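[1] Please work out how this folds:
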Amino acid sequence: MSRMLLQRLSKSKIWLIGLSSVALFSVGHMFKDLSGKYRRVGEIRNGLQICSARTNQTFTASVIGDTSSIYMDSNFTSATEECFAEASSLIEDYKGASETISKKMNVLSSSVHWFHEALRSSGKGFSVKDNSNSSEIGTKFQVVEENTDSTLELIDSHVDGLNQSLSNLKLALSLIGLVLITSGGWEFVDRRKFQLAKKEVEDEALAELVSDDVSTAMKVEEIIVNALDLNEMTHCSKLITTYRQNVLKSMEQSEISQATPMAMVSGLNEEQIEETANKIWEESEVMDEAIATTELEPLTSKVVDHLANKLIAEGIIVDMNMDDSTVRGESETLEQVIYYVILDALMNTNKADEKRIAVKGKTLGSVYSLEISSHGEGRDTAENTSVSIAKELLSEVSGRMELANLYGEDKDVIGRKIRVIMKTATAQVQDIAEETASAGKTLVRLEKGTKKELMERLSV
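    Numbering: from 1, shown residues only. Sure, this is the predicted structure:
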């Protein structure tokens, strides 16, 4: 998995934690509100059953003709009507009830009132005078029972809806809680890994500070680049490498001079100035080519030795099979190119069962092909930092890089390979370099620019 993809997942994880926290708060508030409604509907239903039981007691007393019963007392029946009125008021106050339930409750309260009017007689209680009156009382009570049952059915249906909603909210709370716990645990593990990696880089930097050995520029750059990459500062990582390369070039240019000092060409005529400028231009080109050559095989071995501690710690075996060849390019630049390419292979091999890196080098005419293969993940769609830096450095020595998948016997992707293609140094350039070194020529200053610019400087 590429570093860019990991960074995107890390940012998505933060958003996931935030969104799941907001969702948990919102759904929790909805669950609390719905639970309150469920309790209120339960209280209304229980109250309605109590009121209905009072009407049943009154009707039973009237049927057996117990006129002295407390259930036949006008105070009892008035309290019963107040009971139904209170239940109706609770339904009206309850905002979640449908309009049908409210209307049905009003009808029930009215039917209870007319039932009591049918029982009412003179004095303190009630009496049943004849059979016709008894039939009317039965009819009124039957209406009360029907209205009570229909009202309770509507309330039960509403309770079922609340139960279903509560079940859905419980499931949502469980899922959101699981997402929050998982993403939170993931974030904790990542932060723990980040702190460990940060400590490792800090320890490595401290070891360089207290070491008696002189730290190499490449080692210092490696530590700084790792620290910047760890903090997802990719552009800063590339900047430090580019800046160091520019500094090295400036230092080299200030130290190199031309064999013929500018002071020796003063007073020349136009023809002599042009001839001198052409000579300076040709010698500058040959000198630049002669200096910028590097033996690649020992340089690659040096980089592998530099990474030996990491390779041994990870149990990775490096197979090298390289042709001896001299390529164009400064050794410092090529060393960093090889370092970052092998470092990418090392990181990729950490994700594979087979801990092996293959380094092959072959001369193909005027170019040299250096191929580094590693088992693990295939070619990344987005280049990681190591490959990007290596490609940028390689462009400075007129080289190019190719990335491809590494396939197994079953044509499955088992890893990736990076091919670095560089120009070889010609025999003429090597001879000039040897002659220059043996002659012990000391260069005083190098004039940079076009032939026209050189002629203008010579004519001053």
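[2] can you give me the helices for the chain?
    3-63, 74-93, 99-119, 131-210, 217-230, 234-255, 270-291, 296-306, 308-314, 331-349, 385-395, 427-439, 451-458 (DSSP state H).
[3] Can you list the strands that the lengthiest strand in the chain pairs with?
    Looking across the chain with DSSP state E, the single longest strand is strand 413-423. Within its sheet, and counting by DSSP bridges, strand 413-423 is paired with strand 367-375 (antiparallel), strand 400-407 (antiparallel).
[4] Now do residue 359, the pLDDT please.
    At residue 359, the model reports a pLDDT of 91.
[5] how much space is there between the spatially closest residue to it that is not a sequence neighbour and residue 200?
    Take residue 359 and drop its neighbours on the chain: the residue closest to it by CB to CB, 6 or more residues apart in numbering is residue 320, 4.6 Å away. Yep, even glycine has a C-beta here, placed from its N, CA and C like the rest. Remark: distance between residue 320 and residue 200 (CB to CB, to the nearest Å) = 28 Å.
[6] same thing with residue 97?
    Relative to residue 200, residue 97 is positioned 65 Å away (CB to CB).
[7] Those two: who's more crowded?
    residue 97 (20 against 12; other CB atoms under 10 Å).
[8] how about the more buried one, phi and psi?
    The phi/psi pair for residue 97 (degrees, to the nearest 10) reads phi -80, psi 150.
[9] Wait, it touches residue 91, no?
    Yes. Under the criterion of CB atoms under 8 Å, residue 97 makes contact with residue 91 at 5.2 Å.
[10] Overlap in contacts, those two.
    By CB atoms under 8 Å, 6 or more residues apart in numbering, residue 97 and residue 91 have no common neighbours.
[11] neighbours of residue 229, just the number please.
    Neighbours of residue 229 using other CB under 10 Å come to 18.
[12] let me redo that: residue 181
    11.
[13] Over to residue 159?
    16.
[14] ok, now which ones touch it?
    38, 41-42, 45.
[15] Could you single out the nearest of the residues you listed to residue 412?
    residue 38 (57.0 Å; CB to CB).
[16] isn't that closest one right up against residue 166?
    Yes. With contacts counted by CB under 8 Å, residue 38 reaches residue 166, the gap being 6.6 Å.
[17] Ignoring the adjacent residues along the chain, who's closest to residue 147?
    residue 108 (4.1 Å).
[18] List the contacts of that neighbour.
    84, 88, 144, 147-148, 151.
[19] circling back: flag every buried residue along the longest strand of the chain.
    414-422 (16 or more other CB atoms under 10 Å).
[20] Over to stretch 323-340?
    Across stretch 323-340, burial judged by 16+ other CB under 10 Å covers 325-340.
[21] how about those residues, which pair is most distant?
    326 and 340 (21.6 Å).
[22] one step back: tell me which of the buried residues of stretch 323-340 is nearest to residue 59?
    Nearest to residue 59 among the buried residues of stretch 323-340, counting by CB to CB, is residue 340 at 95.8 Å.
[23] quick revisit: how about the contacts of residue 108, which pair is most distant?
    Farthest pair in those (CB to CB) is 88 and 144. Separation: 14.1 Å.
[24] If anything else comes up later, I'll come back, but that's it for now.
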